[in-house]
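**Student:** Structure of the sequence below:
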Amino acid sequence: LQLVESGGGLVQPGGSLRLSCTGSELLLDRHVIGWFRQAPGKEREAVSCLGTSGGRTNFADSVKGRFTLSRDNAKNTVYLQMDMLKPDDTGVYYCARGSTLCSASVPIHSEYYDLWGKGTQVTVSS
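**Tutor:** Numbering: from 1, shown residues only. So this is what the prediction gives:
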């Protein structure tokens, strides 16, 4: 059982990508969806989360104003739209399912997410 990410690739600085996250074990009305990334040689870091209602979100300071979240209930899919990409955004991006709170005032902790995908590679380079 796992989630599946897609949409990664190679993009030039300033470009955009849209990542998708879906899975049969994903219940958008019950689960918070988190996005995390890991750059080479660095620890995994939280990028964003989307609450069960679809209204509450949280974003890391490094991506605020550039990344947005959306979901398609009919497709059981969450999207991470990444715009104005920078080389520092390079890494493997993971989505995860959580039973926790997603709020702009609550830090995103990976230990509260119990089902993960294998990740999709995002490379931002000229």
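**Student:** alpha carbons only for contacts and neighbour counts from here, please
**Tutor:** OK.
**Student:** how far away is the most centrally placed residue in the chain from Glu111?
**Tutor:** For the chain, the residue nearest the mean C-alpha position is Trp35 (2.5 Å; C-alpha atoms, centre = their mean). From Trp35 across to Glu111, the span is 13 Å (C-alpha to C-alpha, to the nearest Å).
**Student:** Equivalent analysis for Tyr79, please.
**Tutor:** Distance, Tyr79 to Glu111, by C-alpha to C-alpha: 22 Å.
**Student:** of those two, who's got more company?
**Tutor:** A direct count of neighbours by other C-alpha atoms under 10 Å for Tyr79 and Glu111 places Tyr79 higher, at 22 against 8.
**Student:** which of the residues in stretch 49-58 are buried?
**Tutor:** Across stretch 49-58, burial judged by 16 or more other C-alpha atoms under 10 Å covers Cys49, Leu50, Gly51, Thr52, Gly54, Thr57, Asn58.
**Student:** What is the end-to-end distance of that stretch?
**Tutor:** The first and final residues of stretch 49-58 sit 5 Å from each other (C-alpha to C-alpha).
**Student:** How about residues contacting stretch 100-118?
**Tutor:** For stretch 100-118, contacts defined as C-alpha atoms under 8 Å, 6 or more residues apart in numbering pick out 1-5, 31-32, 34, 46, 48-51, 56-59, 94-99.
**Student:** Kindly report the same for stretch 69-80.
**Tutor:** Residues outside stretch 69-80 that contact it (C-alpha under 8 Å, 6+ apart): 18-23, 26-28, 33, 50, 54, 57, 67-68, 81.
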